[in-house]
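> sequence unavailable; structure follows:
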DNA sequence: TTCATACTTCGATCTTAACCGAACCATCGG
DNA sequence: CCGATGGTTCGGTTAAGATCGAAGTATGAA
(Lines give C-alpha, C1' and ligand atoms only; values in the text may rest on other atoms or scores of the structure.)
Protein backbone atom coordinates (compact mmCIF):
# COMPACT_ATOMS: atom_id res chain seq x y z
CA UNK A 1 0.00 0.00 0.00
CA UNK A 2 2.24 2.75 1.31
CA UNK A 3 5.98 2.45 1.03
CA UNK A 4 6.18 -0.36 3.52
CA UNK A 5 6.12 -3.21 1.02
CA UNK A 6 9.16 -1.73 -0.65
CA UNK A 7 11.29 -2.53 2.34
CA UNK A 8 9.25 -5.62 3.13
CA UNK A 9 10.26 -7.42 -0.04
CA UNK A 10 13.97 -6.92 0.62
CA UNK A 11 13.66 -7.70 4.29
CA UNK A 12 11.66 -10.84 3.56
CA UNK A 13 14.49 -11.91 1.33
CA UNK A 14 16.93 -11.57 4.22
CA UNK A 15 14.45 -13.07 6.63
CA UNK A 16 14.77 -16.68 5.61
CA UNK A 17 17.36 -18.62 7.61
CA UNK A 18 18.81 -20.38 4.59
CA UNK A 19 19.22 -17.14 2.66
CA UNK A 20 20.56 -15.35 5.70
CA UNK A 21 23.18 -18.06 6.06
CA UNK A 22 24.12 -17.72 2.44
CA UNK A 23 24.52 -13.98 2.72
CA UNK A 24 26.52 -14.03 5.93
CA UNK A 25 28.76 -16.67 4.43
CA UNK A 26 29.42 -14.36 1.52
CA UNK A 27 30.23 -11.46 3.80
CA UNK A 28 33.91 -12.21 3.59
CA UNK A 29 33.77 -10.97 0.02
CA UNK A 30 34.71 -14.23 -1.64
CA UNK A 31 32.76 -15.80 -4.49
CA UNK A 32 31.41 -19.28 -3.80
CA UNK A 33 29.70 -21.94 -5.87
CA UNK A 34 26.12 -23.08 -5.48
CA UNK A 35 27.13 -26.33 -3.81
CA UNK A 36 29.40 -24.61 -1.34
CA UNK A 37 26.64 -22.23 -0.41
CA UNK A 38 24.13 -25.05 -0.14
CA UNK A 39 26.42 -26.77 2.31
CA UNK A 40 26.97 -23.58 4.28
CA UNK A 41 23.26 -22.95 4.50
CA UNK A 42 22.45 -26.52 5.41
CA UNK A 43 20.05 -27.18 2.55
CA UNK A 44 20.13 -29.28 -0.58
CA UNK A 45 21.46 -28.11 -3.88
CA UNK A 46 18.05 -27.55 -5.43
CA UNK A 47 16.87 -25.44 -2.55
CA UNK A 48 19.98 -23.32 -2.57
CA UNK A 49 19.67 -22.84 -6.29
CA UNK A 50 16.20 -21.44 -5.83
CA UNK A 51 17.30 -19.06 -3.11
CA UNK A 52 20.25 -17.85 -5.13
CA UNK A 53 18.01 -17.16 -8.09
CA UNK A 54 15.87 -14.92 -5.91
CA UNK A 55 18.81 -13.09 -4.37
CA UNK A 56 20.27 -12.62 -7.81
CA UNK A 57 17.01 -11.30 -9.21
CA UNK A 58 16.95 -8.77 -6.39
CA UNK A 59 20.49 -7.68 -7.28
CA UNK A 60 21.83 -8.53 -3.87
CA UNK A 61 24.22 -10.98 -5.46
CA UNK A 62 26.06 -11.10 -8.74
CA UNK A 63 26.62 -14.36 -10.54
CA UNK A 64 29.59 -15.31 -12.61
CA UNK A 65 29.76 -18.43 -14.68
CA UNK A 66 33.01 -20.32 -14.97
CA UNK A 67 32.87 -23.64 -16.67
CA UNK A 68 30.21 -25.71 -15.07
CA UNK A 69 30.37 -23.72 -11.85
CA UNK A 70 28.44 -20.64 -10.99
CA UNK A 71 30.12 -18.31 -8.55
CA UNK A 72 28.11 -15.94 -6.44
CA UNK A 73 29.33 -12.94 -4.51
CA UNK A 74 27.70 -10.01 -2.78
CA UNK A 75 26.95 -7.40 -5.37
CA UNK A 76 28.62 -4.63 -3.40
CA UNK A 77 29.94 -3.35 -0.10
CA UNK A 78 26.64 -1.66 0.65
CA UNK A 79 24.94 -5.03 0.90
CA UNK A 80 27.49 -6.15 3.45
CA UNK A 81 26.95 -2.94 5.32
CA UNK A 82 23.23 -3.48 5.64
CA UNK A 83 23.88 -6.99 6.88
CA UNK A 84 26.22 -5.70 9.56
CA UNK A 85 23.62 -3.12 10.52
CA UNK A 86 21.04 -5.86 10.90
CA UNK A 87 23.39 -7.79 13.14
CA UNK A 88 23.61 -4.72 15.29
CA UNK A 89 19.84 -4.55 15.54
CA UNK A 90 19.71 -8.26 16.25
CA UNK A 91 21.98 -7.76 19.20
CA UNK A 92 19.71 -5.16 20.78
CA UNK A 93 16.78 -7.38 19.90
CA UNK A 94 18.03 -10.02 22.26
CA UNK A 95 17.77 -12.56 19.46
CA UNK A 96 21.49 -13.06 19.70
CA UNK A 97 22.13 -16.43 21.19
CA UNK A 98 23.43 -16.64 24.72
CA UNK A 99 25.83 -19.46 24.12
CA UNK A 100 28.91 -17.59 23.04
CA UNK A 101 31.11 -20.26 21.60
CA UNK A 102 34.86 -20.09 21.09
CA UNK A 103 34.38 -19.38 17.42
CA UNK A 104 32.28 -16.45 18.46
CA UNK A 105 35.12 -15.04 20.49
CA UNK A 106 37.44 -15.42 17.53
CA UNK A 107 34.90 -13.62 15.39
CA UNK A 108 34.75 -10.75 17.80
CA UNK A 109 38.49 -10.48 17.94
CA UNK A 110 39.16 -10.19 14.23
CA UNK A 111 37.12 -11.02 11.18
CA UNK A 112 36.55 -10.00 7.59
CA UNK A 113 33.78 -7.54 6.85
CA UNK A 114 33.38 -7.90 3.10
CA UNK A 115 37.03 -7.21 2.36
CA UNK A 116 38.43 -5.30 5.29
CA UNK A 117 39.33 -5.91 8.91
CA UNK A 118 36.58 -5.86 11.53
CA UNK A 119 36.17 -6.78 15.17
CA UNK A 120 38.33 -5.61 18.07
CA UNK A 121 41.37 -5.29 15.88
CA UNK A 122 39.50 -3.41 13.22
CA UNK A 123 38.19 -0.90 15.70
CA UNK A 124 41.65 -0.62 17.26
CA UNK A 125 43.15 0.03 13.83
CA UNK A 126 40.87 2.95 13.13
CA UNK A 127 41.23 4.38 16.62
CA UNK A 128 44.98 4.11 16.43
CA UNK A 129 45.09 5.76 13.05
CA UNK A 130 42.98 8.61 14.32
CA UNK A 131 45.03 9.02 17.49
CA UNK A 132 48.18 9.23 15.41
CA UNK A 133 46.58 11.80 13.14
CA UNK A 134 46.64 9.61 10.06
CA UNK A 135 42.91 9.84 9.54
CA UNK A 136 40.56 12.52 10.71
CA UNK A 137 36.84 12.97 11.07
CA UNK A 138 34.49 10.92 13.17
CA UNK A 139 31.95 9.67 10.69
CA UNK A 140 33.09 11.01 7.36
CA UNK A 141 36.70 10.00 7.37
CA UNK A 142 39.52 11.65 5.47
CA UNK A 143 43.23 11.03 5.11
CA UNK A 144 45.57 13.64 6.53
CA UNK A 145 48.81 14.49 4.75
CA UNK A 146 50.61 12.65 7.50
CA UNK A 147 48.35 9.70 6.84
CA UNK A 148 49.06 9.76 3.14
CA UNK A 149 52.76 9.47 3.82
CA UNK A 150 52.21 6.70 6.33
CA UNK A 151 50.10 4.49 4.10
CA UNK A 152 52.25 5.11 1.05
CA UNK A 153 55.14 3.91 3.18
CA UNK A 154 53.00 0.95 4.16
CA UNK A 155 52.98 -0.06 0.52
CA UNK A 156 49.63 1.24 -0.59
CA UNK A 157 49.09 2.97 -3.91
CA UNK A 158 46.86 5.82 -2.81
CA UNK A 159 46.65 7.45 -6.21
CA UNK A 160 45.37 4.16 -7.57
CA UNK A 161 42.72 3.89 -4.90
CA UNK A 162 41.53 7.42 -5.51
CA UNK A 163 40.97 6.70 -9.18
CA UNK A 164 38.30 4.13 -8.41
CA UNK A 165 34.67 4.93 -7.75
CA UNK A 166 34.80 3.42 -4.32
CA UNK A 167 35.30 5.84 -1.43
CA UNK A 168 38.81 5.58 -0.01
CA UNK A 169 37.87 5.92 3.64
CA UNK A 170 34.60 4.70 4.95
CA UNK A 171 33.46 4.25 8.54
CA UNK A 172 31.69 0.93 8.90
CA UNK A 173 29.78 0.29 12.08
CA UNK A 174 30.96 -2.81 13.85
CA UNK A 175 28.23 -5.03 15.24
CA UNK A 176 30.28 -6.68 17.96
CA UNK A 177 32.15 -3.61 19.13
CA UNK A 178 30.06 -0.51 19.30
CA UNK A 179 32.43 1.66 17.31
CA UNK A 180 33.36 2.08 13.69
CA UNK A 181 36.13 0.32 11.88
CA UNK A 182 37.79 1.33 8.65
CA UNK A 183 36.20 0.16 5.41
CA UNK A 184 36.39 1.54 1.91
CA UNK A 185 39.19 1.03 -0.57
CA UNK A 186 41.83 1.90 2.00
CA UNK A 187 40.48 -0.58 4.50
CA UNK A 188 40.58 -3.28 1.86
CA UNK A 189 44.10 -2.35 0.82
CA UNK A 190 45.38 -2.42 4.39
CA UNK A 191 44.02 -5.90 5.00
CA UNK A 192 45.47 -7.01 1.72
CA UNK A 193 48.94 -5.74 2.70
CA UNK A 194 48.65 -7.38 6.09
CA UNK A 195 47.90 -10.78 4.60
CA UNK A 196 50.73 -10.32 2.08
CA UNK A 197 53.12 -9.75 4.94
CA UNK A 198 51.83 -12.75 6.82
CA UNK A 199 50.55 -10.72 9.76
CA UNK A 200 47.20 -12.37 9.56
CA UNK A 201 45.75 -15.61 8.27
CA UNK A 202 42.29 -16.36 6.98
CA UNK A 203 40.58 -19.21 8.80
CA UNK A 204 37.40 -20.95 7.83
CA UNK A 205 34.49 -18.61 7.45
CA UNK A 206 35.05 -14.99 8.35
CA UNK A 207 37.52 -15.56 11.14
CA UNK A 208 40.96 -13.98 10.93
CA UNK A 209 43.84 -14.90 13.21
CA UNK A 210 46.92 -12.83 13.75
CA UNK A 211 50.23 -14.57 13.86
CA UNK A 212 52.23 -13.87 16.98
CA UNK A 213 54.66 -11.66 15.15
CA UNK A 214 51.90 -10.11 13.10
CA UNK A 215 50.09 -8.99 16.21
CA UNK A 216 53.23 -7.33 17.50
CA UNK A 217 53.92 -5.51 14.27
CA UNK A 218 50.30 -4.50 13.98
CA UNK A 219 50.51 -2.99 17.44
CA UNK A 220 53.71 -1.06 16.82
CA UNK A 221 52.43 0.21 13.49
CA UNK A 222 49.02 1.40 14.55
CA UNK A 223 49.15 1.95 18.27
CA UNK A 224 52.60 2.99 19.34
CA UNK A 225 53.03 4.02 22.96
CA UNK A 226 49.71 2.67 24.02
CA UNK A 227 48.21 -0.37 25.65
CA UNK A 228 47.99 -3.23 23.23
CA UNK A 229 44.79 -5.07 22.58
CA UNK A 230 44.44 -8.01 24.90
CA UNK A 231 45.13 -11.31 23.25
CA UNK A 232 42.08 -13.42 22.67
CA UNK A 233 42.35 -17.18 22.48
CA UNK B 1 23.09 -22.92 12.44
CA UNK B 2 25.74 -20.30 11.89
CA UNK B 3 25.08 -16.69 12.63
CA UNK B 4 22.62 -16.34 9.81
CA UNK B 5 19.52 -16.97 11.86
CA UNK B 6 20.48 -14.09 14.10
CA UNK B 7 19.89 -11.63 11.33
CA UNK B 8 17.12 -13.74 9.86
CA UNK B 9 14.85 -13.31 12.85
CA UNK B 10 15.08 -9.53 12.74
CA UNK B 11 14.81 -9.39 9.00
CA UNK B 12 11.79 -11.67 9.02
CA UNK B 13 10.20 -9.25 11.43
CA UNK B 14 10.71 -6.42 8.97
CA UNK B 15 9.75 -8.63 6.06
CA UNK B 16 6.03 -8.73 6.61
CA UNK B 17 4.14 -6.03 4.70
CA UNK B 18 1.89 -5.15 7.61
CA UNK B 19 4.78 -4.77 10.01
CA UNK B 20 6.83 -2.91 7.44
CA UNK B 21 3.96 -0.48 7.03
CA UNK B 22 3.74 -0.01 10.76
CA UNK B 23 7.45 0.70 11.04
CA UNK B 24 7.63 3.11 8.15
CA UNK B 25 4.62 4.93 9.52
CA UNK B 26 6.47 5.35 12.78
CA UNK B 27 9.58 6.64 11.05
CA UNK B 28 8.48 10.19 11.63
CA UNK B 29 9.26 9.66 15.29
CA UNK B 30 5.75 10.16 16.60
CA UNK B 31 4.00 7.74 18.89
CA UNK B 32 0.76 6.26 17.56
CA UNK B 33 -2.00 4.09 19.02
CA UNK B 34 -2.76 0.55 18.03
CA UNK B 35 -5.84 1.53 16.06
CA UNK B 36 -4.02 4.22 14.15
CA UNK B 37 -1.31 1.79 13.22
CA UNK B 38 -3.84 -0.85 12.27
CA UNK B 39 -5.41 1.61 9.91
CA UNK B 40 -2.06 2.63 8.48
CA UNK B 41 -1.08 -0.98 7.91
CA UNK B 42 -4.43 -1.89 6.40
CA UNK B 43 -5.22 -4.68 8.82
CA UNK B 44 -7.73 -5.17 11.62
CA UNK B 45 -7.10 -4.21 15.18
CA UNK B 46 -6.44 -7.76 16.35
CA UNK B 47 -3.90 -8.39 13.67
CA UNK B 48 -2.07 -5.17 14.35
CA UNK B 49 -2.05 -5.94 18.05
CA UNK B 50 -0.31 -9.21 17.34
CA UNK B 51 2.29 -7.58 15.13
CA UNK B 52 2.97 -4.87 17.66
CA UNK B 53 3.48 -7.43 20.38
CA UNK B 54 6.15 -9.09 18.29
CA UNK B 55 7.90 -5.86 17.41
CA UNK B 56 7.79 -4.85 21.03
CA UNK B 57 9.20 -8.17 22.18
CA UNK B 58 12.08 -7.66 19.77
CA UNK B 59 12.73 -4.21 21.24
CA UNK B 60 12.20 -2.49 17.94
CA UNK B 61 9.36 -0.51 19.47
CA UNK B 62 8.66 0.86 22.89
CA UNK B 63 5.17 0.96 24.28
CA UNK B 64 3.69 3.55 26.55
CA UNK B 65 0.32 3.22 28.15
CA UNK B 66 -1.86 6.24 28.56
CA UNK B 67 -5.36 5.67 29.79
CA UNK B 68 -6.95 3.10 27.58
CA UNK B 69 -4.60 3.83 24.71
CA UNK B 70 -1.26 2.28 24.03
CA UNK B 71 1.20 4.41 22.19
CA UNK B 72 4.01 2.87 20.20
CA UNK B 73 7.12 4.56 18.89
CA UNK B 74 10.37 3.39 17.39
CA UNK B 75 12.68 2.45 20.22
CA UNK B 76 15.55 4.53 18.88
CA UNK B 77 17.13 6.39 16.00
CA UNK B 78 19.16 3.34 15.07
CA UNK B 79 16.01 1.48 14.14
CA UNK B 80 15.01 4.28 11.81
CA UNK B 81 18.48 4.22 10.35
CA UNK B 82 18.29 0.55 9.49
CA UNK B 83 14.94 1.12 7.86
CA UNK B 84 16.36 3.90 5.71
CA UNK B 85 19.26 1.65 4.79
CA UNK B 86 16.83 -1.03 3.71
CA UNK B 87 15.00 1.47 1.53
CA UNK B 88 18.29 2.19 -0.12
CA UNK B 89 18.81 -1.47 -0.83
CA UNK B 90 15.25 -1.77 -2.06
CA UNK B 91 15.93 0.93 -4.61
CA UNK B 92 18.90 -0.90 -6.06
CA UNK B 93 16.87 -4.08 -5.91
CA UNK B 94 14.43 -2.69 -8.41
CA UNK B 95 11.62 -3.50 -6.05
CA UNK B 96 10.84 0.17 -5.83
CA UNK B 97 7.59 0.80 -7.60
CA UNK B 98 7.73 2.53 -10.94
CA UNK B 99 4.66 4.61 -10.46
CA UNK B 100 6.08 7.65 -8.78
CA UNK B 101 3.07 9.47 -7.43
CA UNK B 102 2.87 13.11 -6.42
CA UNK B 103 3.18 12.18 -2.77
CA UNK B 104 6.38 10.44 -3.67
CA UNK B 105 7.81 13.63 -5.11
CA UNK B 106 6.89 15.49 -1.95
CA UNK B 107 8.60 12.81 0.08
CA UNK B 108 11.75 13.15 -1.93
CA UNK B 109 11.74 16.88 -1.53
CA UNK B 110 11.50 17.02 2.24
CA UNK B 111 10.47 14.53 4.85
CA UNK B 112 11.06 13.53 8.44
CA UNK B 113 13.59 10.84 9.13
CA UNK B 114 12.80 9.89 12.71
CA UNK B 115 13.10 13.45 14.02
CA UNK B 116 15.27 15.34 11.60
CA UNK B 117 15.06 16.71 8.08
CA UNK B 118 15.65 14.36 5.16
CA UNK B 119 15.23 14.40 1.39
CA UNK B 120 16.58 17.03 -1.01
CA UNK B 121 16.38 19.74 1.58
CA UNK B 122 18.05 17.62 4.20
CA UNK B 123 20.96 16.84 1.94
CA UNK B 124 21.16 20.48 0.92
CA UNK B 125 21.26 21.51 4.56
CA UNK B 126 24.24 19.35 5.35
CA UNK B 127 26.06 20.27 2.17
CA UNK B 128 25.48 23.95 2.81
CA UNK B 129 26.69 23.67 6.38
CA UNK B 130 29.82 21.93 5.23
CA UNK B 131 30.48 24.42 2.45
CA UNK B 132 30.18 27.26 4.93
CA UNK B 133 32.54 25.50 7.28
CA UNK B 134 30.00 25.00 10.04
CA UNK B 135 30.45 21.26 10.07
CA UNK B 136 33.42 19.27 8.97
CA UNK B 137 34.19 15.66 8.17
CA UNK B 138 32.60 13.53 5.53
CA UNK B 139 31.27 10.59 7.44
CA UNK B 140 32.09 11.30 11.04
CA UNK B 141 30.79 14.81 11.39
CA UNK B 142 31.97 17.43 13.86
CA UNK B 143 31.02 21.01 14.63
CA UNK B 144 33.62 23.69 13.90
CA UNK B 145 33.98 26.67 16.20
CA UNK B 146 32.37 28.75 13.49
CA UNK B 147 29.54 26.24 13.43
CA UNK B 148 29.08 26.43 17.17
CA UNK B 149 28.60 30.15 16.93
CA UNK B 150 26.21 29.81 14.03
CA UNK B 151 23.90 27.26 15.64
CA UNK B 152 23.98 29.02 19.00
CA UNK B 153 22.82 32.09 17.13
CA UNK B 154 20.18 29.93 15.48
CA UNK B 155 18.71 29.35 18.92
CA UNK B 156 20.14 25.96 19.74
CA UNK B 157 21.48 25.07 23.18
CA UNK B 158 24.59 23.17 22.17
CA UNK B 159 25.78 22.60 25.70
CA UNK B 160 22.47 20.94 26.44
CA UNK B 161 22.75 18.68 23.42
CA UNK B 162 26.24 17.62 24.36
CA UNK B 163 25.12 16.53 27.79
CA UNK B 164 22.87 13.84 26.30
CA UNK B 165 24.04 10.41 25.30
CA UNK B 166 22.95 10.91 21.74
CA UNK B 167 25.68 11.97 19.30
CA UNK B 168 25.33 15.61 18.34
CA UNK B 169 26.21 15.23 14.67
CA UNK B 170 25.43 12.11 12.78
CA UNK B 171 25.52 11.44 9.06
CA UNK B 172 22.41 9.56 8.00
CA UNK B 173 22.33 8.07 4.53
CA UNK B 174 19.40 9.32 2.52
CA UNK B 175 17.58 6.70 0.50
CA UNK B 176 16.14 9.01 -2.12
CA UNK B 177 19.17 11.20 -2.61
CA UNK B 178 22.43 9.33 -2.61
CA UNK B 179 24.14 11.51 -0.04
CA UNK B 180 24.02 11.94 3.69
CA UNK B 181 21.84 14.33 5.58
CA UNK B 182 22.30 15.57 9.13
CA UNK B 183 20.86 13.47 11.92
CA UNK B 184 21.75 13.26 15.58
CA UNK B 185 20.74 15.64 18.32
CA UNK B 186 21.71 18.67 16.27
CA UNK B 187 19.68 17.54 13.29
CA UNK B 188 16.67 17.11 15.52
CA UNK B 189 17.18 20.50 17.15
CA UNK B 190 17.46 22.26 13.80
CA UNK B 191 14.21 20.79 12.54
CA UNK B 192 12.58 21.69 15.80
CA UNK B 193 13.68 25.33 15.48
CA UNK B 194 12.51 25.44 11.88
CA UNK B 195 9.03 24.29 12.78
CA UNK B 196 8.93 26.74 15.68
CA UNK B 197 9.68 29.54 13.28
CA UNK B 198 7.06 28.38 10.83
CA UNK B 199 9.53 27.64 8.06
CA UNK B 200 8.14 24.19 7.60
CA UNK B 201 4.87 22.39 8.22
CA UNK B 202 4.23 18.76 8.93
CA UNK B 203 1.77 17.14 6.52
CA UNK B 204 0.18 13.74 6.80
CA UNK B 205 2.69 10.96 7.12
CA UNK B 206 6.33 11.88 6.82
CA UNK B 207 5.92 14.67 4.31
CA UNK B 208 7.21 18.14 5.19
CA UNK B 209 6.35 21.24 3.22
CA UNK B 210 8.23 24.48 3.38
CA UNK B 211 6.27 27.69 3.47
CA UNK B 212 7.20 30.12 0.77
CA UNK B 213 8.96 32.41 3.19
CA UNK B 214 10.46 29.47 5.03
CA UNK B 215 12.10 28.20 1.89
CA UNK B 216 13.67 31.58 1.28
CA UNK B 217 15.00 31.91 4.79
CA UNK B 218 16.25 28.35 4.74
CA UNK B 219 18.16 29.14 1.58
CA UNK B 220 19.75 32.33 2.86
CA UNK B 221 20.69 30.67 6.13
CA UNK B 222 22.25 27.52 4.81
CA UNK B 223 23.27 28.18 1.23
CA UNK B 224 24.17 31.81 0.79
CA UNK B 225 25.59 32.81 -2.58
CA UNK B 226 24.67 29.58 -4.21
CA UNK B 227 21.98 28.13 -6.44
CA UNK B 228 18.87 27.40 -4.50
CA UNK B 229 17.21 24.02 -4.49
CA UNK B 230 14.64 23.82 -7.23
CA UNK B 231 11.10 24.05 -5.94
CA UNK B 232 9.19 20.82 -6.08
CA UNK B 233 5.42 20.83 -6.40
C1' DT C 1 30.34 -41.07 -27.56
C1' DT C 2 29.69 -41.91 -22.91
C1' DC C 3 29.85 -40.91 -18.25
C1' DA C 4 30.09 -37.68 -14.47
C1' DT C 5 29.64 -33.34 -12.35
C1' DA C 6 27.30 -28.87 -11.56
C1' DC C 7 23.28 -26.85 -11.72
C1' DT C 8 18.20 -25.77 -12.94
C1' DT C 9 13.29 -26.69 -13.30
C1' DC C 10 9.09 -29.05 -12.04
C1' DG C 11 5.82 -31.06 -8.95
C1' DA C 12 4.12 -32.51 -4.56
C1' DT C 13 4.30 -32.15 0.35
C1' DC C 14 4.24 -29.83 4.52
C1' DT C 15 5.16 -26.17 7.87
C1' DT C 16 4.58 -21.67 9.18
C1' DA C 17 2.25 -17.73 10.20
C1' DA C 18 -0.92 -13.97 8.72
C1' DC C 19 -5.56 -13.07 9.15
C1' DC C 20 -10.11 -12.28 11.10
C1' DG C 21 -14.41 -13.49 14.06
C1' DA C 22 -15.64 -13.92 18.59
C1' DA C 23 -15.08 -13.67 23.20
C1' DC C 24 -12.59 -11.65 26.96
C1' DC C 25 -10.11 -7.72 29.98
C1' DA C 26 -9.39 -2.66 31.09
C1' DT C 27 -10.39 2.06 31.27
C1' DC C 28 -13.29 6.05 30.90
C1' DG C 29 -17.80 8.60 31.15
C1' DG C 30 -21.64 8.92 33.21
C1' DC D 1 -23.28 0.12 38.23
C1' DC D 2 -23.73 0.39 33.00
C1' DG D 3 -22.47 1.07 28.37
C1' DA D 4 -18.92 2.36 25.17
C1' DT D 5 -14.36 2.38 23.45
C1' DG D 6 -9.52 0.54 23.06
C1' DG D 7 -6.92 -3.50 23.32
C1' DT D 8 -5.70 -8.47 23.98
C1' DT D 9 -6.26 -13.53 23.54
C1' DC D 10 -7.99 -17.70 21.30
C1' DG D 11 -9.28 -20.85 17.52
C1' DG D 12 -9.87 -22.18 12.98
C1' DT D 13 -9.01 -21.11 8.16
C1' DT D 14 -6.16 -20.16 4.46
C1' DA D 15 -2.40 -18.86 1.64
C1' DA D 16 2.51 -18.55 0.86
C1' DG D 17 6.67 -20.50 0.39
C1' DA D 18 10.52 -23.58 1.94
C1' DT D 19 11.89 -28.06 1.13
C1' DC D 20 13.29 -32.10 -1.43
C1' DG D 21 12.77 -36.05 -5.07
C1' DA D 22 12.99 -36.66 -9.75
C1' DA D 23 13.75 -35.40 -14.22
C1' DG D 24 16.05 -32.19 -17.45
C1' DT D 25 20.15 -29.12 -19.30
C1' DA D 26 24.93 -27.80 -19.79
C1' DT D 27 29.84 -28.38 -19.31
C1' DG D 28 33.92 -31.09 -18.83
C1' DA D 29 36.66 -35.45 -18.92
C1' DA D 30 37.80 -39.90 -20.84
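The structure has been received and is ready for your questions. Predicted model, so just to flag it, every value in this text is computed and none were measured.

> quick check: phi and psi at the nearest residue to residue A:13 once chain neighbours are set aside.
Nearest non-adjacent residue to residue A:13, counting by CB to CB, 6 or more residues apart in numbering or on different chains: residue A:58, 5.7 Å away. Quick note: C-beta positions are derived from backbone N, CA and C, even for glycine. Dihedral pair for residue A:58: phi -90, psi 0, per degrees, to the nearest 10.

> for the one 5 residues further on, same thing?
Backbone geometry at residue A:63, expressed as degrees, to the nearest 10, gives phi -110, psi 150.

> that one bridge partners, please.
Taking DSSP bridges as the rule, residue A:63 bridges to residue A:72.

> wait, it touches residue A:56, no?
Yes - using CB atoms under 8 Å, residue A:63 is in contact with residue A:56, at 5.4 Å.

> which neighbours do those two share?
Counting by CB atoms under 8 Å, 6 or more residues apart in numbering or on different chains, the residues touching both residue A:63 and residue A:56 are residue A:72.

> how does chain A divide up, domain by domain?
A:4-75, A:79-222 (automatic domain parsing).

> pLDDT of the shortest one, averaged?
Along domain A:4-75, the predicted confidence averages to a pLDDT of 92.

> and the pLDDT for residue A:227?
Predicted confidence (pLDDT) for residue A:227: 50.

> around DNA strand C, which positions in chain A sit nearby?
Residues of chain A lying close to DNA strand C (CB under 7 Å from any atom of the strand) are A:33-35, A:45-46, A:49-50, A:52-53, A:68-70.

> give me that answer again for 10 Å
Taking CB under 10 Å from any atom of the strand, the part of chain A that reaches DNA strand C is made up of A:12, A:15, A:17, A:32-39, A:44-53, A:56, A:63, A:65-72.

> chain A: helices as residue ranges?
A:4-14, A:17-25, A:34-41, A:45-57, A:77-93, A:102-109, A:120-131, A:145-153, A:158-163, A:184-196, A:212-222 (DSSP state H).

> next, the angle from the longest one to helix B:77-93.
Spelled out, it's helix A:77-93. 150 degrees (axes from the mean of the first three to the mean of the last three CA atoms, to 10 degrees).

> anything in helix A:77-93 near chain B?
Yes - if you take CB under 8 Å from any CB of the partner chain as the test, helix A:77-93 does meet chain B, through A:78-79, A:81-83, A:85-90, A:92-93.

> other SSEs contacting that helix?
With contacts defined as 3 or more CB pairs under 8 Å, 6 or more residues apart in numbering or on different chains; DSSP states H and E, helix A:77-93 has these neighbours: helix A:17-25, strand A:170-173, helix B:4-14, helix B:77-93.

> tabulate those (TSV), appending mean neighbour count and distance to residue A:8.
Shown next, in TSV, are those (neighbours: other CB atoms under 10 Å in any protein chain shown; distance: least, CB to CB, whole Å):
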stretch	mean neighbour count	distance to residue A:8
helix A:17-25	24	15
strand A:170-173	22	23
helix B:4-14	24	7
helix B:77-93	21	9
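
> distance to DNA strand D for those - can I get that in a markdown table?
Listed next are the helices and strands packed on helix A:77-93 as a markdown table, based on distance: least, CB to the nearest atom of the strand, whole Å:
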| stretch | distance to DNA strand D |
| --- | --- |
| helix A:17-25 | 4 |
| strand A:170-173 | 28 |
| helix B:4-14 | 9 |
| helix B:77-93 | 15 |
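
> so what pairs up with the spatially most central residue of chain A in the strands?
Closest residue to the average C-alpha location of chain A: residue A:113 at 0.6 Å, with CA atoms, centre = their mean. Taking DSSP bridges as the rule, residue A:113 bridges to residue A:116.

> is it in contact with residue A:183, as I believe?
Yes - Residue A:113 is within contact range of residue A:183, at 6.8 Å (criterion: CB under 8 Å).

> any residues in contact with both of these two?
residue A:172.

> quick check: closest non-adjacent residue to residue A:60.
residue A:79 is the one closest to residue A:60 (CB to CB, 6+ apart), at 5.5 Å.

> wait, residue A:112
Residue A:112 sits nearest to residue A:28 (CB to CB, 6+ apart), 4.2 Å away.

> next: residue A:111.
Residue A:111 sits nearest to residue A:206 (CB to CB, 6+ apart), 4.4 Å away.

> next one: residue A:25
Closest to residue A:25 by CB to CB, 6+ apart is residue A:40, at 4.3 Å.

> what of residue A:73?
residue A:31 (4.0 Å).

> how much space is there between the one you found and residue A:91?
Distance, residue A:31 to residue A:91, using CB to CB, to the nearest Å: 28 Å.

> repeat for residue A:162
35 Å.

> what do you get for residue A:8?
22 Å.

> same check, this time on residue A:60
Taking CB to CB, one finds residue A:60 at 22 Å from residue A:91.

> do the same with residue A:108
Distance from residue A:108 to residue A:91, by CB to CB: 11 Å.
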